[in-house]
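Novice: the sequence isn't on hand, but the structure is:
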């Protein structure tokens, strides 16, 4: 390189700077001129090859960003409509249980067909993990809605395999189907306990103690099992927070069950009767 | 409470699923640890390369500096092939673990790009970096974002290089670097970036550009650069 020879000159002649420079310049002047002439044309081609390369990167970034936007939109739609399912479940009361739940199941099926299918069509292969942040909130909400629905209907936990089985028909058989990953499923379950807490409180106020107790032990089981799993999660800080909220929910249900149990004798005539004039009597403060 | 006591069949089914989850998560945890171990090794190699490259600021001959740094590329290649082997165990989950080798890879790109520039005066391309590291795009490709961030890191190195080269008497250096950096900056402006890390790094590039412009100006105003190089001069003037 040019620098090399010039630098060695500098090293060898540790005298005044200006001279050093001139020495370097005079002996290299002619050579450099020739060299720069050729490099100018080279840099022209270099500039355009840089531009070519960057237009490829630009295409790549545009594609992935557009796709990400579409996935975010689909995720938001899934969230919105899954919330509708959850609200529908909360409309449940002793008299209209079947009817309300049937409607919730229908809305859930619509989320599947209309919104989840859009997500499924958008995502392929490595996108599942690359764009996970973009669709994770929607999927978590969907897991929450689906498991809540299923619990109210059957009293059982809807497993990940069962949910994923319902997604299979949505995708083109030629491509690898979108499957909800363990992490989003677990995060969805963590949110489920919050909804179950609300449900349990509602059931108690209507006198359905059995149902409330069933919810209580179900939520306990989930919490207990998740304590083992939480530290192993990919992003455990998020989960840690959810675990704390979950414990709060579990305790709220337990306290509600406790109040009814301890003071139950006082309310027995009221509970189970058609008289709903004091539905929240004897309940601990719950938001 | 009679429902769902720990021995009931419903509870068993629930528990079975969670046991499976734990297995899965433990496995992915192990995998992650192995990836992180390789990433740590990559990191220590990049330190060695960086330390040897830093000698260009002390005005050692470029060829000598590069040669020393180049000796380490083989080691890097080995590490990346190990990484690729590990990632192959979990097909399709490249981006699940990507975060564990991302920043190391960005540094690797920046060093390779700097070396490449010192040698040729040109920008190393995405595919060229993959080639240098022996990466196979279908197995463990180089993420385009990582490549671009790495290039931004490299640009951070240039102002210091220019300053030291001028101090050492190479008055033509600012013109060349300025031309390169101006082109690079123009190329980056073709990208539609999101508000992410890359955007931030790219925003920082203009400070490198300004610093190099200042050095170029300082040299030019004192007539130091005017040594029979008018062709290049005019070009650079047009650019700045």
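Specialist: Yep, it's here. None of the values given here were measured: they were computed from a predicted structure. Numbering: from 1, shown residues only, chains lettered A, B, ... in the order given.
Novice: near chain B, which residues of the stretch 151-287 of chain A show up?
Specialist: A:155-157, A:159-160, A:176, A:182, A:186, A:210, A:213-214, A:216-218, A:221-222, A:225-226, A:228-229, A:232-234 (Cβ under 8 Å from any Cβ of the partner chain). For the C-beta atoms, the positions are set from N, CA and C on the backbone; glycine is no exception.
Novice: of those, just the buried ones, ChimeraX syntax please.
Specialist: Buried residues among these (16 or more other Cβ atoms under 10 Å in any protein chain shown), as a ChimeraX selection:
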select /A:156,157,159,160,182,186,213,214,216,217,218,221,222,225,226,229,232,233,234
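Novice: the host helix or strand of residue B:149 and chain A, any residue contact?
Specialist: For residue B:149, the element it lies in under DSSP states H and E is helix B:144-167. Yes - for helix B:144-167, a contact with chain A is found by Cβ under 8 Å from any Cβ, at B:144, B:147-148, B:165.
Novice: for that helix, what is the average pLDDT?
Specialist: Average pLDDT, helix B:144-167: 95.
Novice: same deal with stretch A:259-273?
Specialist: 64.
Novice: same question for stretch B:29-44.
Specialist: 95.
Novice: what residues sit buried inside it?
Specialist: So, applying 16+ other Cβ under 10 Å, buried residues of stretch B:29-44: B:31-32, B:34-35, B:38-39, B:41-42.
Novice: among the residues of the stretch 151-287 of chain A next to chain B, name the ones in helices.
Specialist: A:160, A:182, A:186, A:210, A:213-214, A:216-218, A:221-222, A:225-226, A:228-229 (DSSP state H).
Novice: tell me which two in those are the farthest apart.
Specialist: Pairwise distances across those peak at 32.3 Å for A:182 and A:210 (criterion: Cβ to Cβ).
Novice: those strands in chain B, which residues are they?
Specialist: For chain B, no strands are identified by DSSP state E.
Novice: for chain A, where's the lowest mean pLDDT among helices and strands?
Specialist: helix A:2-12 (a mean of 40; mean pLDDT, DSSP states H and E).
Novice: quick check: the gap between the nearest residue to residue B:192 once chain neighbours are set aside and residue A:133.
Specialist: The shortest distance from residue B:192 to any non-neighbouring residue, by Cβ to Cβ, 6 or more residues apart in numbering or on different chains, is to residue A:62 (5.8 Å). Residue A:62 sits 19 Å away from residue A:133, going by Cβ to Cβ, to the nearest Å.
Novice: go on, residue B:201?
Specialist: In terms of Cβ to Cβ, residue B:201 sits 20 Å off from residue A:133.
Novice: what about those two, which has more around it?
Specialist: Under the neighbour definition other Cβ atoms under 10 Å in any protein chain shown, residue B:201 and residue A:133 were set side by side, and residue B:201 has more, 20 against 12.
Novice: which residues touch that one?
Specialist: By Cβ atoms under 8 Å, 6 or more residues apart in numbering or on different chains, the contact list for residue B:201 reads B:149, B:152-153.
Novice: any chance of JSON lines for those residues, columns neighbour count?
Specialist: Listed next are the contacts of residue B:201 as JSON lines, based on neighbours: other Cβ atoms under 10 Å in any protein chain shown:
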{"residue": "B:149", "neighbour count": "24"}
{"residue": "B:152", "neighbour count": "24"}
{"residue": "B:153", "neighbour count": "19"}
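Novice: ok, so of the residues you listed, who is nearest chain A?
Specialist: residue B:149 (11.8 Å; Cβ to the nearest Cβ).
Novice: can you tell me the closest non-neighbouring residue to that closest one?
Specialist: residue B:106 (4.6 Å).
Novice: what's the burial count for the one you found?
Specialist: 24.
Novice: and if you look at the one 10 residues further on?
Specialist: The burial metric for residue B:116, expressed as a neighbour count using other Cβ under 10 Å, is 19.
Novice: not counting its neighbours along the chain, what's nearest it?
Specialist: For residue B:116, the closest residue by Cβ to Cβ, 6+ apart turns out to be residue B:124, at 3.8 Å.
Novice: ok, the one you found - how many residues close by?
Specialist: With other Cβ under 10 Å as criterion, residue B:124 counts 23.
Novice: backbone dihedrals for it, please?
Specialist: Dihedral pair for residue B:124: phi -70, psi 140, per degrees, to the nearest 10.
Novice: in the chain, which segments are predicted with low confidence?
Specialist: Just so you know, I chose chain A. A:1-44, A:46, A:264-287 (pLDDT under 70).
Novice: chain B was what I was after
Specialist: If you take pLDDT under 70 as the line, chain B has these spans: B:1-10, B:226-240.
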